[in-house]
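**Q** Predicted model and sequence follow; I will ask about them next.
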Amino acid sequence: MLLITCPYCGPRPELEFRYAGEAHIARPEDPSGVEADPWGEFLYNRTNARGPYAERWRHFHGCGRFFNAIRDTTTDFFLATYKVGEPRPDVPARAVASASTGGAGER
Amino acid sequence: MQKFSGLSLFAKAFSSHKGWEPQWRSPEPKAAYDVVIVGAGGHGLATAYYLAKEHGITNVAVIEKGWLGGGNTGRNTTIIRSNYLFEESAALYDHAVKLWEGLSRDLNYNVMYSPRGVLMLAHNVHDVQSFKRHVHANRIAGVDNEWLSAEECKAFCPPLNIAPGMRYPVLGGALQRRGGTARHDAVAWGYARAASARGVDIIQNCEVTAIRRGPDGAVQGVETSRGFIGAPKIGVVAAGNTSVVMAMAGVRMPLESYPLQALVSEPIKPVFPCVVMSNTIHAYISQSDKGELVIGAGTDAYTSYTQRGGLHIATHTLDAICELFPQFRRMRMLRNWGGIVDVTPDRSPILAKTPVAGLYVNCGWGTGGFKATPGSGNVFAHTIARDEPHPINAPFTIERFRDGVLIDEAAAAAVAH
Amino acid sequence: MSAEFRLPVGGRIDRAKPVRFTFDGKSYEGFAGDTLASALIANGVHLVGRSFKYHRPRGILTAGSEEPNALVGVGRDEAHYTPNLRATQVEITDGMVAESQNRWPSLAFDVGAVNDGLGRFLPAGFYYKTFMWPAGAWAKFYEPVIRRAAGLGRAPQAADTDRYTQRYAHCEVLVVGAGPAGLAAALAASETGVRVILCDEQAEFGGSLLHERDTVIDGRDAEAWVAEAVATLCSRENVRLLTRTTAFGYYPHNLVGLAERVTDHLAAPGSDLPRERLWQVRAREVVIAAGSIERPLVFPENDRPGVMMAEAARIYANRFGAKPGNRAVVFTASDSAYRAALDLKAAGVEIAAIADLRPDPTGAVVERARADGIRVLPGTSVQGTSGRLRIRSASLGAVVGGATETVPCDLLLMSGGFTPTLSLFSQSRGKMAWDEALEAYVPSVSVERERSVGACRGIYGLAEVLADGHAAGVAAAGKGASDGAARRFTVDAEELGHSGHRGITPHRRDASRVKAFVDFQNDVTAKDVKLATQEGFRSIEHVKRYTTTGMATDQGRTSNINALAIVSDALGKSVPEVGLTTFRPPYTPTTFALFAGQARGELFDPVRTTPIHDWAAEHGAVFEDVGIWKRARYFPEGGEDMHEAVARECRAVRESVGIFDGSTLGKIEVVGRDAAEFMNRMYTNAWAKLEPGRLRYGVMLREDGFVMDDGVVGRMAPDRFHVTTTTGGAPRVLNHMEDYLQTEWPDLEVWLTSTTEQWAVIAVQGPKARQVLEPLVEGIDLSREAMPHMSVRTGHICGVPTRLFRVSFTGELGFEVNVPANYGRAVWDAIFAAGQPHGITPYGTETMHVLRAEKGYIIVGQETDGTNTPDDVGLGWAVGKAKRDFVGKRSLARPQMQRPDRKQMVGLLTSDPATVLEEGAQIVADPNAPLPMKALGHVTSSYASSVVGRSIAIGMVAGGRGRIGETLHVPMPGGAIAVDVVEPVFFDKEGERIHG
Amino acid sequence: MVETVAFPPARPIGPLDQRASHARARPAVRMALVPPGVRLSFRARDEAAIARAAEGFGVALPREACRFSSGGGRAALWLGPDEWMLLASGDPDTLFATLEGALTDLPHSLVDVSHRSVAFTVEGPEAAAVLNAGCPLDLSLQAFPVGMCTRTVLAKSEIVLRRTVETRFVVDAWRSFAAYVWQFLEEARREFL
Ligand SMILES: Cc1cc2nc3c(=O)[nH]c(=O)nc-3n(C[C@H](O)[C@H](O)[C@H](O)COP(=O)(O)OP(=O)(O)OC[C@H]3O[C@@H](n4cnc5c(N)ncnc54)[C@H](O)[C@@H]3O)c2cc1C
Ligand SMILES: NC(=O)c1ccc[n+]([C@@H]2O[C@H](COP(=O)([O-])OP(=O)(O)OC[C@H]3O[C@@H](n4cnc5c(N)ncnc54)[C@H](O)[C@@H]3O)[C@@H](O)[C@H]2O)c1
Ligand SMILES: Cc1cc2nc3c(=O)[nH]c(=O)nc-3n(C[C@H](O)[C@H](O)[C@H](O)COP(=O)(O)O)c2cc1C
Ligand SMILES: [Zn+2]
């Protein structure tokens, strides 16, 4: 059960959240004008990255807000969480865990 | 290939088993092959085996970043069945079941295919309707699947709790008698041995890091942690890692990779005669020949490559198991692990050519591809060898998503009212 | 009558509290504080179990949770029976019933032991090589035999009745393990005032200090030091102490699962206490102080009862006052076994010899042994042992050359050195490294906020262990790290080196003929491991799976390093090159029911009920589960079956009036200036022109164009919609709406509020509906003119506010009365009373289904299965084609979505009106075609309609609308049924009644 | 014209009425129903609307996440960055009308959800421990001080949890989940006397 920092409520247990897939896939302004291939791409294709990944969560059993996160899918540590509409933050490529979730590092 | 049999076992016993040879070769990679398969899971190895056996293509390398069979093949709950709803799926999975039936003898390796019956429980009226639809669809597709009343379920699986007062009462079940289990590791090893004997090179500890494409866009080979390996045809069979490997060729995939957990209990004497699945409350259980109860849990909510997941997922599965089988409440979990499954939007696999010439992909089996291993390898080998799909896998294209021709087994089971 | 092998004094048992228990039917006496293992040893019992594969007699190897051999079944009855418990961890209680496992007919005479003789035919992986012929024989013949032979204990046969609970907890520092390292860490961390949780799997805190005889810490003997430390911790409010609590799993983001055994050690626990409690601890920092375990030596016949770890023997003598034998041979590669020998000698065990693998053992403790007159044989190894049910002798021989000597003994103590316990550290995904000096894997790079201390990171000297624990406690607490860090402990204890041995010990026997066990529980021998490498299994993961080494219930705690060494030897690779297998939870086997906790029976999942549920129950309703809701399905009267009841309920609605609880319908209040615009984008329909006071049926698609949900929507005000959804779809629909609203159109001024639970919904349907309701309603004119079909009014009913919908899912004149939920029951009662003169009839979901099917209305999830467009199910009219955009519009435009041969909804009539098709049955053109047949579609809904006077059905059929008038076939096991394809409306085709 | 028949005024029935009256006494953790009251869900992002609502309601709307303010028998709970739950006693329609009147022309949403959920107190020295049987939050006074409120989960249900004094929490559960939530806590407090 991950510990996820809601940009509104702070760190909360994963049980309160719903995952909502890859972030920054904007719905086209005028879908009807979109060709078949890019429309298929929009609907279904996902980066599914191994490493830092921009994704969406919703604090479902909390403030109810959707928000974005960058999580390293090879460690499950979050590098950042940020509100919808905010730009994707620059984060170091490798995760060593957010303040709340540890990462003691080399000793 | 050294023959395996009771007799050879007996004979070798007298020479203290000194005579056993390696089950597969561990060669150095050659500079080039006719076909490179990325991923030595069951599907990749089976593909290589059938390329050699049925299409005479033996100059094949199977390239594996870890140890063969160490992906999902080595960590699944081994449920085999073919009673899928849509005729496209039923045909694909039943092709596999037919191959399972003769697989041990074909490979000369006992994969312990055990058609002990798979019972899928219905817990509400919607389940009943949905399963009956399966039963009817399967019957005319020539796939065995029968409806059992709750009492018949209990007779088939005596530990099952069918008390009417349960939170999720058992209203009946769909039984596929030809369904069952097989020994997961033996499947990988048996294919590896048989493929190796036919000339296929299995290269372990060798990670594919890039796919090289020529000026015409067609593939030329793969970069690996052990150097470049040329090939005009590349089959990607990398299960949870498909998106990552396909991205090396510039192809974005309709896939997401999720952790899927499983667990075993301590071994006990045989008490559980079949396989029981309950999709409604997320419980999948059988008993292995060694005696552990083998239990499948759900996927975690988020994409991940960590091969593990949250405690709450296993917890949720075990509360369902305890509810269905209250006499197992004091049994104990021995080990809990995870795999990474790649899931398509319609929960059906992709077994197809790709927009890149010479590149083929076999993926998207999600939580249920072990059962398809022989059939998948068989038709995928056909697809690679002939550069066109076998009729059985023809519907399982990448383009079906763009076009909206989904084979949506998951939505078909969804509940609404 | 005191047990024969009980020492007269000493140990931490309570001699004032004798405890009687039985093992395999024989009664024994022990003391409070004994484990089953220590009590059996005190009674001279060493034969405790049979091994997995060869059924070899096995005894007690260790004194801890790593025990591979002494597994027993315990339980006074079937509901309390637990198989595979380690005798070393079971605390005896009065009346405890324990039994051995995996033997028949008895432990001393076991038929299965023939396998031992057949061993040469059963090498690792033998089953992969045989049993393949004839076809089908595996499953029918061989497999059942193999299965019966495998397994250890047996499953309980009755449902466990004990309770289990769970607790989430948070702390700044969690310390796992309460040996000297853990105690020091907990003391240091808690001193700063932060919240500390300390757990240990044993019954008492103290770890290895509980069996030290001569050790002195800060001037106190070890036991006194422990007592004082525990007392100090107890006195601190910020500390939670958990004994009998195993940290079984380390999960992401510092969540650690603890299994607390609350009552198993009590003879008569009250029913209010749980048997076990699951703690899910989220710790800011974790200190792992899990200690180390002694490694067995791999030599021929190293598995007989009476062969024991040296440290374990010391524990039995010192901590439990139980003498493990009379005459011992000690086989060692480390100093610590000398200390064990000395302690046992002091306890009255004759030490026949110490065979030391090292050519030249030196050091204080070795000298002390020599001085004590113990015969020390350097450069010597055990060549084999004898004895059937207990060791009788060991043959000792020099490692190089020389004669062998048979030494009679009833105890063989072994020590191959220590292995740090890395399980939790590794589960945390920390990286381990091979420490060449220590010859052990130790923690290297942490990933979580965690630190290992003491023996589990290879620090063995007690003074350093204590200092290490203390420093880690301070650092983990995160306060005053610099000043408090370097506390020194004065310790007076024996100095021991850390030498040891891994892998097969040298011997002069024919290696192919002896069984030298690596994994005791799974009966994996050195030969098996070597055979695996010979057969090409080079990865340690392959070796594990091929031989099953490390896969038993002890997860290879005593065997992994030895197996690794044998592989490294066989392949000529270094140990770190070979690597370790993956550690996984749980640390020790953990009860299923613990994970379930309170989620059992009625608490397994919430049961959602409506405000009218109790009325329905009182009136004999048969309920069905819809998602987690309970809905009344029908209301049988006087012995009716479902069909009779439904037929009666249907007639009542068509002829007079019926009443139905629709409260489970999802409801969403969509409010704000942009509400209509938002509705336009979310639904296929056009909303702008819908007047306040009017209703419209809405269809919602997923972005891929397939029908997701439907429902009636009322416009309450220009900026306020009352949206209804399907029962099962409510949460999904709201989430879908929120998703678009928050992430795609955050500029829209509209908000969504779930009102599903705010409103009770009472549907009153039938020609008399108006007459029933009119007298109860205030402020609303129900007349046909004032309130036409598909309108909504607010007012009062029975004195409470209502949103009254004129709407019908039955095709009859109908109303849906929405009232605040707490009034639902009272209003229902009033309507029911008011309807009595008209014969008002309650009806359930089954009747509702029939009524709507008669009218050809779809049910999302029944007619649809996630692959249907609105047009497929006859809802093309609801799609606002002129709208620029709505969710799913672009996808509907794809060519495949327009194909004429898509499955379309049609009506189906059997030629025999009495034949009711089965839902889910398939539809084909040619019933005589060979299998596999091409299905054209399937039956989605099918009923005997009392009103239409015949069976009716709805199906989804390829190109169905073009087939109206054709005859198709429904193949059934008993023969095909011919069906006519018709329009999917069976009753009141003109739709007049609805306007009544 | 139809005659309106006389009937007794409809009596409200809460989902926990029965259970609450049968609850066993356990002083370490007591559970008791909160009398039914008004709940209005107020949504707005517009500062003027927020201010006007506070004025009309008579209690400030907290701007700090997961906090509630109260006074005069009323409370305003922050549940989301544009979401407050307004609690009061009396007639929901009157309060609704007052607030709507105050908010005319300002962008907002106000919805009466008085009957959507049911509230009860969990009180006593072991209250936090009992809640932690199913609630994964840190309920220490530092992490969950008096004055805090939030939506969260309790086992398999969602709840709104609020701490009114050190040893008293108010659990607000969806109507149809209330029996489950109550029963779960009943079971959890069994071991406390
Ligand atoms: C817990 C769990 C339970 C399951 N239960 C069932 C079940 O009961 N029944 C069922 O039918 N299915 C089940 N499945 C699904 C099933 O395991 C998989 O669908 C199936 O095993 C996939 O086989 P594969 O050969 O395609 O993949 P894998 O066995 O995963 O093989 C893919 C291989 O590709 C390798 N690879 C990846 N990237 C690279 C690279 N860059 N270079 C080289 N090699 C690479 C990987 O290391 C891996 O060995 C389960 C899965 C899991 C995780
Ligand atoms: N060669 C040597 O001289 C040598 C070798 C090893 C150990 N030692 C001695 O052993 C002691 C080591 O002290 P220590 O504190 O590191 O270890 P310890 O063995 O004294 O204590 C470890 C404790 O952790 C508990 N534990 C382990 N895993 C657990 C889990 N998952 N959940 C709950 N409890 C768990 C055990 O029950 C035990 O009580 C020192 O006294 C040291 O001198 C000496
Ligand atoms: C069907 C099946 C049965 C298993 N039985 C056991 C078992 O008896 N003992 C054991 O330790 N592990 C068992 N495992 C789990 C493996 O040890 C291992 O966890 C799994 O293959 C995943 O690999 P990993 O944990 O090394 O990542 C089993 C796995 C499967 C798929
Ligand atoms: Zn939040």
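**A** Perfect, thanks for sending it. Ligands and ions are numbered 1, 2, ... in the order given.

**Q** Run through chain A and note the low-pLDDT ranges.
**A** The model of chain A has pLDDT under 70 over residues A:93-107.

**Q** One more pass at 80, please.
**A** A:92-107 (pLDDT under 80).

**Q** give me the number of residues near the residue of it found nearest chain B?
**A** With Cβ to the nearest Cβ, the shortest gap between chain A and chain B falls at A:Gly40, namely 2.9 Å. Bear in mind the C-beta positions are built from the backbone N, C-alpha and C, glycine included. The number of residues packed near A:Gly40 is 22, by other Cβ atoms under 10 Å in any protein chain shown.

**Q** which SS state does B:Trp189 fall under?
**A** Following DSSP: H, G, I helix; E, B strand; the rest coil, we place B:Trp189 in the helix state.

**Q** same thing with C:Leu424?
**A** Of the three states, C:Leu424 takes helix according to three-state DSSP.

**Q** Tell me, what's the model's pLDDT at it?
**A** For C:Leu424, the pLDDT comes out at 98.

**Q** The nearest residue to it once chain neighbours are set aside: which element?
**A** The shortest distance from C:Leu424 to any non-neighbouring residue, by Cβ to Cβ, 6 or more residues apart in numbering or on different chains, is to C:Tyr250 (4.8 Å). Per DSSP states H and E: C:Tyr250 is located in strand C:245-251.

**Q** Dump that strand to CSV, restricted to CA.
**A** Output of strand C:245-251 as CSV, limited to C-alpha atoms (Å, rounded to 0.1, in the frame of the first residue of the first chain):
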residue,chain,number,x,y,z
THR,C,245,4.7,-10.7,16.9
THR,C,246,6.5,-11.5,13.6
ALA,C,247,7.3,-8.9,11.1
PHE,C,248,6.3,-11.0,8.2
GLY,C,249,6.5,-8.6,5.3
TYR,C,250,8.2,-5.4,4.2
TYR,C,251,6.1,-3.5,1.7
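
**Q** Wondering if that strand reaches ligand 3 at all.
**A** No. Strand C:245-251 does not reach ligand 3 (Cβ under 6 Å from any ligand atom); its nearest approach is 13.0 Å.

**Q** Contact partners for the residue nearest to C:Leu424?
**A** C:256-257, C:286, C:424-425, C:427-428, C:448, C:450, C:585 (Cβ atoms under 8 Å, 6 or more residues apart in numbering or on different chains).

**Q** in what helix or strand does C:Pro913 lie?
**A** Under DSSP H and E, no helix or strand contains C:Pro913.

**Q** Could you verify my assumption that C:Thr549 touches C:Lys527?
**A** No. Counting by Cβ atoms under 8 Å, C:Lys527 is not a contact partner of C:Thr549; they are 11.8 Å apart.

**Q** Neighbour count: these two, which is higher?
**A** C:Thr549 (31 against 24).

**Q** distance of the more buried one from C:Tyr168?
**A** According to Cβ to Cβ, to the nearest Å, C:Thr549 and C:Tyr168 sit 37 Å apart.

**Q** all helices for chain B, in order.
**A** Secondary structure of chain B, counting by DSSP state H: helices at B:6-13, B:42-55, B:87-107, B:125-141, B:150-156, B:184-197, B:242-247, B:311-324, B:373-386, B:399-403, B:409-412.

**Q** touching chain C at all, the fifth one?
**A** It refers to helix B:150-156. No. Helix B:150-156 is not in contact with chain C by Cβ under 8 Å from any Cβ of the partner chain; minimum separation 14.4 Å.

**Q** Ok, the longest one next?
**A** Yes. Under the criterion of Cβ under 8 Å from any Cβ, chain C is reached by helix B:87-107 at B:87, B:90-91, B:101-102, B:104-105.
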